[in-house]
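Colleague: Sequence first, then the predicted structure:
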Amino acid sequence: MPDFLSYSIADFIAFSPEIFEGLFLRYQVETQPATWIGLLGGLAILWLAHQGRWQWAGWVLAAGFFWTGWAFHLERYQDLNWAALYFGWAFIAEGALLIVAAADVPGRRGFSLLVLAIVIHPLIGIATGLNTGLALTGPDATAVAAFGVALSATGWRRWLLAPLPALWCLISLVTAYGLDRPALAITAGAGLLLFALVMIGRRYD
């Protein structure tokens, strides 16, 4: 037991912060113009959500989950982290759930989380100098965008869409902590906190 307690999270991460950050740079270079297509897709999601067309927004976001699960997790991150095999399939599963569960509903309760993922996340990357991709192509921003769609849903749809993004945000926070790069997970942490606060607020509506 004492030997186990002597380990830290960093001991379970088999790569350095520089290698992790370089992964995102290589990913974006190798998959161009996917980043720009993802940016346009993110803006389309904002417009669709603003119009109340949440089902279409969810379907566009689903494409981002399929892409990120395959192109980032399975094709690249798995070279650094064996668990990325499971991350990749989880993202692909979330894409399938969005196709099934996204629906048009009145109101824009989840819109702020879409703004965080699609607009604020790139600004955080510029401010910190740490680039973890954009919505629809980067894992953190894509997961936080799913919170926005989940909050727009009702009943079983919300509970179906939220768990996998929440799990990824927790994994991102743990990874950033283990790498001693907390700025890497600002979007994931803020998105998870905002989602939790809105859900608590809904409970007392």
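Modeller: It's in.

Colleague: The spatially most central residue of the chain in helix, strand or coil?
Modeller: Geometric centre of the chain, nearest residue: Ala143, 2.2 Å, by C-alpha atoms, centre = their mean. At Ala143 the chain is in helix, as set by DSSP: H, G, I helix; E, B strand; the rest coil.

Colleague: Quick check: it vs Ile186, distance?
Modeller: Per C-beta to C-beta, to the nearest Å, Ala143 is found 13 Å from Ile186. Yep, even glycine has a C-beta here, placed from its N, CA and C like the rest.

Colleague: Let's see the pLDDT reported for the residue nearest to Asp104 when sequence neighbours are not counted.
Modeller: Setting aside the residues directly before and after it, Asp104 is nearest to Gln55 in space (C-beta to C-beta, 6 or more residues apart in numbering), at 4.8 Å. Model confidence at Gln55, given as pLDDT, is 92.

Colleague: Then Asp11?
Modeller: pLDDT, read off for Asp11, is 56.

Colleague: swap in Ser6?
Modeller: Value listed for Ser6 in the pLDDT field: 54.

Colleague: Also Gly110?
Modeller: pLDDT at Gly110 comes out at 88.

Colleague: Then the one 4 residues further on?
Modeller: Listed pLDDT for Leu114 reads 96.

Colleague: and if you look at the one 4 residues further on?
Modeller: Note for Ile118: predicted pLDDT of 96.

Colleague: Nearest spatial neighbour of the residue nearest to the centre of the chain, chain-adjacent residues omitted?
Modeller: That would be Pro165: by C-beta to C-beta, 6+ apart, it lies 4.0 Å from Ala143.

Colleague: got the contact list for the one you found?
Modeller: 94, 143-144, 146-147, 150 (C-beta atoms under 8 Å, 6 or more residues apart in numbering).

Colleague: From Pro33, how far out is it?
Modeller: 26 Å.

Colleague: now do Ala176
Modeller: Distance from Ala176 to Pro33, by C-beta to C-beta: 28 Å.
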